[in-house]
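Engineer: Kindly generate the corresponding structure for this input.
(2 chains)
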Amino acid sequence: MKKIFLLLSLFLMTSALVYAQKGTITGKVIDESNGEPLLGVNVYIAALEKGVSTDLDGKFYLEVEPGTYSVLFSYIFYQKKTVSDVVVTDGKVTTLNLSLLPEDFQMEEVTVSAKRMDNNEIALLQLQKRSLSVQDGISAQEINKVGFTNSAESMKQVTGATVEGGKYIVMRGLGDRYSISTMDGVTLPNTDPYKNSAGLDLIPTSMVDNLVVKKTFTPDLPGNFTGGAVNITTKTLPDQYYFTFNTSFGFNDQTTFNNGFKRDRVRGSLDWLGYDDGSRAIPRGFENNPYLSNTNLYRVQIANGVASQSDIDNYNAAMRGFSDRSFEVDNYSPPINHSVNATIGNRIAVGDNYLGYNVGINYRRNFTQFDNRVINSYFAQISPENRMQDFLINSGTESNEQITHGLVGTLAYQYKQKNNIALSMMYNNGTDKFVLDMTEGSFPGALSFGAYRNRVIGFTQRNLLNSQIKGDHQLDKTKIIWSANYIVSKQYEPDTRFIGSPVDNNGEYFFVREVDRPFHFFRDLVDNQINLKLDLETSINDKLDIKYGFFGTRKDRDFSERRYQLDDTGVPNNDERYVTYRQATGDFDRFFAAGNMGVIAFEQDGTPIFGNAFNDNSRPENFYTGTEQVLAGYFMGVYDLTAKLKTVIGARVEKTDFEVISQVPNATPGIIDALDVLPSVNFIYKLREESNLRVSATQTLARPNMRELAPFASFDLLGGFPVVGNPNLDRTNITNLDLRYELFPSAAELFAISVFYKNFQNPIIQELDVATDQPQYRYVNTNEGNIYGAEIELRKNLDFITPALKNFKFSTNFTYIYSRVDLSEQEFEVRRRIVPDIESFRPFASQSPYIFNLMLGYENIDKGWDINLYTNLFGARLFANGSGAAPDIYEVYGKITDKENNRITSNRPTPEMNLKISKALNEKFSVSLTANNLLDYSVIRYQEDQGTFYTTEAFNPGRTFRLSFNYNIQ
Amino acid sequence: MKRLSLLSFMLLGALLTFTACNDDDEPNPDQGSNELIDDYNNPEELKRRLPGSITTDRTLTADTTYYIDGYVFVEGGTLTIEPGTVIMGVSQPTGENPGNESALIITREAQIDAEGTPQAPIIFTSELDSEALGGDISLNQTNSKLWAGLIILGKAEMNVGGATEVQIEGIPDGEARALYGGNDNDHSSGILKYVSIRFTGAEIGPGDEIQGLTLGGVGRETVIEDIDIFVSGDDGIEIFGGTVNIKRVSVAFAEDDAFDFDLGWSGYAQFVFALQGGNESDHLGEWDGASPDDSPLYCTARIYNATFIGRGLTDGSRSADAATILMRDGAAISLYNSIITEANGKGLEVEDRGDSFDSYNKLVTEEEYTIGGNVWYAGNATGIADMLAITSGATDANGQAIIDHLNANGNSFMNPMLGGIGRTNGSGTLNPIPGADLGAPVATPTEAETVNYKGAFNPSGASWIAGWTTLARFGYLAD
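Structural biologist: Numbering: from 1, shown residues only, chains lettered A, B, ... in the order given. Have a look, this model is predicted:
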């Protein structure tokens, strides 16, 4: 921590030095007809006889004495625009974003007042209005208003978006498989092997310029999205000098100072930063250790007296290597959540050129306690009257400590206004330390009597290092945009520990076969990814622009899972030298003590007494390597058929080469080798100046991820079923039809209605395998899926009711979706035999039938108040499939009203409601208070049978209140 | 390295064998040449090391020791094994299946013809078992999981949630050769007679071991008789559905359940013996009915003349509340004229969850099956009245109706005074013949051989486990 503060004070000092006694006018100029930035627009202040021209991004930057000015914007063949009343104050920056109309619209020179401008939100809406595809977005400004701290949370505001597990974007009801996340146009790798798109929670909002979601495909976008393509634009060449510092303190009503919080007894010196210092790493020499992988052989040798002393010593060392990895947890009273965040950037004139930089640093430590964590499972009978039978009923607590930190640095150079080159490095690390402590439970599926307790202790570290060089250049009629990235992403899960204990009627612990013996589990995933991207835009004439380019990506993955499990074969039953599990009853440290492991003694005749052992249970299929390579080229034209009708037509060709190979010899590798042509046809009809009608027909793809192709069964630590990959999976081909009407009544207002239809051939689903006698999930292609949807969105100032409400505005959107995807024929045929009326289809996974967002805002710039109330509501969504006679599992945010059974009594959702109140104290300092989850929902997963909602999982995040202090100079 | 250390151990073992070979057993003259070596160009070696896939008729002869090195699927034809043949599972497979465990799988399309004799039983064991090759005893009852085991798959009926053919547990998913089940209840998978299966149960997947002998959907024309299962890391024998009958099966030192039945097995068993050992073992009988519990097809098997010896009346390593025979998930398995003794907890649990299809209802209300003529003796009970383990939340909280059934059907609670219980090799103390007068057996359905005694052994005849089983050869049995 000290180092961070040192760094921060350094920033503060530098900022004081840079501080200048002039004001700045900056902004961006775009072409109103297509939203593209305009290069070379003259920006001139007559009063000062001073001017500049805009750069490649349409941006300009003008340093002037304090005062009030009129600024003239002029550009050949474009209408001139004068902005009056531009106030420039000492050391402050005034932003002017505007658009110019081509002259053929025959309009007079216009003058607008600066008081009506300066709003990122407006700029984004402008972008939306002019975009070639249906898109939606949120600006950094909006993100700040609602008080979200990472990019994933921010996405909730986007029409049709929901967020799964706090990380993954679900667009238009389509889960992470059908949505992609890009940063500056480059696909982010996913660190979770089970997910298709990257978790956006690693990207702090302080590094984000804006978030844009494309909902329809144009050939210049990756072909593997169907729901939405999220693009995060990070800050590059800043408009001016800025420095921001933010620190926040958070309180959660069921976590902070709650002494029921549990934490791992294993702690390392770097835990505070989210790194493991080796305390949880695989003990040295434990990988492919013969004593652990062939324990039985050495036991036989030792028992027969043919093992050497070094074998015995090595055997003992191996068996005792985990003795300091306790299965015990400690109580802890979590302090206040806190975060620190600082960013600095500037643009420096170097002759006629500019050099810019941004440096950011952030650190966050957050505690979460779910004080009612429920994990149940049921066994379903065929006869409806007795359908849901308890299999495992479990409740307790889950304690999480999350530590994230990141560093970002960019260096940008602009040459002769026509060339930008930027180098950037971004590093982010997020670590979750968790303890799941299920203390109340029964296990009727395996135990006829007694109780069942279990505990999982884990540490999951994810990190992302992205190095990028990118550039854009304006040649005569052609604009070239290119980028190259090298990305390393990792997910590291060292020493996840599981211990499950049946407890008999006397309170004594024992083992049964149906419960896994305690184990230590390690998982490691490393992805190395290279991306190359080249886009060219050429203006052929004033009616036709063409855009063409190349994209290549290659990702190499190395994955391993290892499991070391207790083996108590051959331990003595009644021997004072050995402590049995029953004797230890709950004192795990005693049971796993070094003296209770390995060869604990020799009898006088040399017969060894064996204590506990560990087996390396890793199988060859737990190790896989994979390559994902996609090469793509595209060509598209933007053609103005008439003054009002514009068309975007083109196609993208994608060559997919995936190969996943596990260490199992002779196993079928998962291979996808396909060439797809993805056409896209869009029409944009300008009904009136402020409204558009859009129609589009496109084809897109969805590909399985490497985990899904890798043919191995992985175990679920929380007692869920194993998940098995399928090397025979094929990609999914999707046809999309979209129709949208949009109206922009004024600069900050929007009304839009969209309808869409999507058809999926060979959709990939996760189903419970009907071809095994033990339940397990597997991935299969089924026949077909269809989605029908409608969206409506509205952003409006409330001054139309009465002028007194001029500081109030609201935005709302509503999405309705009907989706169905076929069951696999095998699943349908088998399950129909026991549930004759079973449907042959179900909704798409993670799909909500409806999503509703509402944001109410009050903003009083003069007094410095900014208050926003944000609400998100979504209907129950499919979480996992049932098998046999068991209904599917759905997820909803709700309230547990049947406390005795930990059940909801209705699946009507509870809204998520957040409130943020900000007050600017002066020009540099502001304070804000954020309250999240005001209505205190719980996340509930359930199986519904005859009106009863059988909980399979539940947890309650509680209410969080956060006070943050911002220091901001420009 | 692993292979090297294994080899050196084998050599050492051979040396020990050589120095001690003037023992009672005659050493196998071929033993030296039978040792497995990693030379894949050597035709002899290829002959010994069974390939991963056998698709046509093949005969294994007694003059060779064969090795199962990873999964060996018999996909077609008949695998004929001569009496006296020894087949060894490799501990750390290297050949075609490195990293997998060694298992022999007779698929639905193939048959096995393994007919040994009491003088020359066929032995499936670990490569570490020198005794099988005529050497000294190198292993004991704690040495489970040295290889996976023997799996036989057939085409007779089974049912899981509507599916009539599924993949056998233990084999990684997506292996079509591991499917079993069908509708041919008269199907034959061949003959297994005078066969020893030793030291099995290596973990195939995470938490996934297979039994000494696994029978999946095996049909009634299959012969499974005179089987010796000695030390298993999982169950001794598990039967998934099917119609096969089994006779004279001995399970010693299974670390899970000795006899585990599932998914609608409808055959019968007569003369079966189980001996539990270390503190790992679970039930002597885990008898599940079906999945789900109210499937139309559930276990309706009949067990006649079992002798089951538990872990010891005072053994404290397992919950004293646990049953020795667990009947659940809708099972309706009859048990006649058997001896269940040395149980460390309770005697019997008949699952009672208040459903019309549970094992309790099928016994008490429907009277679909009978538990008759048995002798029970458990450490945490004093009589029939308190020997039941009661399902949590049972409708019949005291199990009175079950007690009434047991009393009405000639069950008794008493110490059968077996001749000797020995769990140490070489002790020569195990004698499962009861010393107490157990009364006359009750009448049974006529499919069973009619005998005038309770338990697996004829007190006045030759013991079927004598001479050839591992219990006999390792010196557990009293003379």
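Engineer: residue ranges for the strands of the stretch 351-479 of chain B, please.
Structural biologist: Ranges of strands in the stretch 351-479 of chain B, per DSSP state E, counting those that start in this stretch, are B:371-372, B:375-378, B:412-413, B:418-420, B:431-434.
Engineer: what helices or strands is the third one leaning on?
Structural biologist: Under the contact criterion of 3 or more C-beta pairs under 8 Å, 6 or more residues apart in numbering or on different chains; DSSP states H and E, the helices and strands touching strand B:412-413 comprise strand B:375-378. For the C-beta atoms, the positions are set from N, CA and C on the backbone; glycine is no exception.
Engineer: Tell me where the chain is predicted with low confidence.
Structural biologist: Looking at chain A here, since you left the chain open. Low-confidence segments of chain A (pLDDT under 70): A:1-21, A:33-35, A:102-130, A:132-133, A:137-167, A:173, A:190-207, A:715-720, A:747-748, A:773.
Engineer: My question was about chain B, not that one.
Structural biologist: For chain B, residues meeting the criterion pLDDT under 70 lie at B:1-41, B:95-99, B:205-207, B:278-280.
Engineer: Redo the strands of the stretch 351-479 of chain B as TSV? Include mean neighbour count.
Structural biologist: Below are these laid out as TSV (neighbours: other C-beta atoms under 10 Å in any protein chain shown):
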stretch	mean neighbour count
strand B:371-372	22
strand B:375-378	24
strand B:412-413	18
strand B:418-420	17
strand B:431-434	21
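Engineer: Relative to residue A:487, which of the ones you listed is closest?
Structural biologist: Distance to residue A:487, taken as C-beta to C-beta, is lowest for strand B:375-378 among those, at 63.9 Å.
Engineer: now for the closest one, which elements pack on it?
Structural biologist: Strand B:375-378 sits against strand B:339-343, strand B:412-413, with contacts defined as 3+ C-beta pairs under 8 Å, 6+ apart.
Engineer: Point out the most buried one among those.
Structural biologist: Greatest average neighbour count among the helices and strands packed on strand B:375-378 goes to strand B:339-343 (a mean of 27), per mean count of other C-beta atoms under 10 Å in any protein chain shown.
Engineer: now for it, which elements pack on it?
Structural biologist: strand B:302-309, strand B:375-378.
Engineer: For those strands, give me a markdown table that also has distance to residue A:214.
Structural biologist: Shown next, in a markdown table, are these (distance: least, C-beta to C-beta, whole Å):
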| stretch | distance to residue A:214 |
| --- | --- |
| strand B:302-309 | 67 |
| strand B:375-378 | 70 |
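Engineer: where do the helices sit along the chain?
Structural biologist: No chain was given, so I picked chain A. Under the criterion DSSP state H, helices of chain A are mapped to A:2-18, A:120-130, A:140-146, A:151-154, A:290-293, A:295-303, A:309-320, A:581-584, A:588-591, A:706-709, A:825-834.
Engineer: Wait, chain B was what I had in mind.
Structural biologist: Counting by DSSP H, the helices of chain B are B:2-19, B:43-48, B:359-364, B:400-408, B:470-473.
Engineer: and the second one, which residues are buried?
Structural biologist: Which is helix B:43-48. Of the residues in helix B:43-48, B:45, B:48 count as buried by neighbour count, 16 or more other C-beta atoms under 10 Å in any protein chain shown.
Engineer: returning to that earlier point: out of the helices and strands packed on strand B:339-343, flag the one nearest residue A:371.
Structural biologist: Of all the helices and strands packed on strand B:339-343, strand B:375-378 sits nearest to residue A:371, with 42.4 Å by C-beta to C-beta.
Engineer: what are the pairing partners of the closest one, and which direction each?
Structural biologist: Using DSSP bridges, strand B:375-378 pairs in its sheet with strand B:339-343 (parallel), strand B:412-413 (parallel).
Engineer: Could you export the ones you listed as a markdown table, including distance to residue B:210?
Structural biologist: Shown next, in a markdown table, are these (distance: least, C-beta to C-beta, whole Å):
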| stretch | distance to residue B:210 |
| --- | --- |
| strand B:339-343 | 26 |
| strand B:412-413 | 35 |
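Engineer: of all the ones you listed, which lies closest to residue A:258?
Structural biologist: strand B:339-343 (46.4 Å).
Engineer: Dump that closest one to CSV, keeping only the CA atoms.
Structural biologist: Extracted C-alpha coordinates of strand B:339-343, given in CSV (Å, rounded to 0.1, in the frame of the first residue of the first chain):
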residue,chain,number,x,y,z
ILE,B,339,-26.5,-65.5,7.8
ILE,B,340,-25.6,-61.8,8.4
THR,B,341,-23.2,-61.6,11.3
GLU,B,342,-20.4,-59.6,12.8
ALA,B,343,-22.2,-56.4,11.6
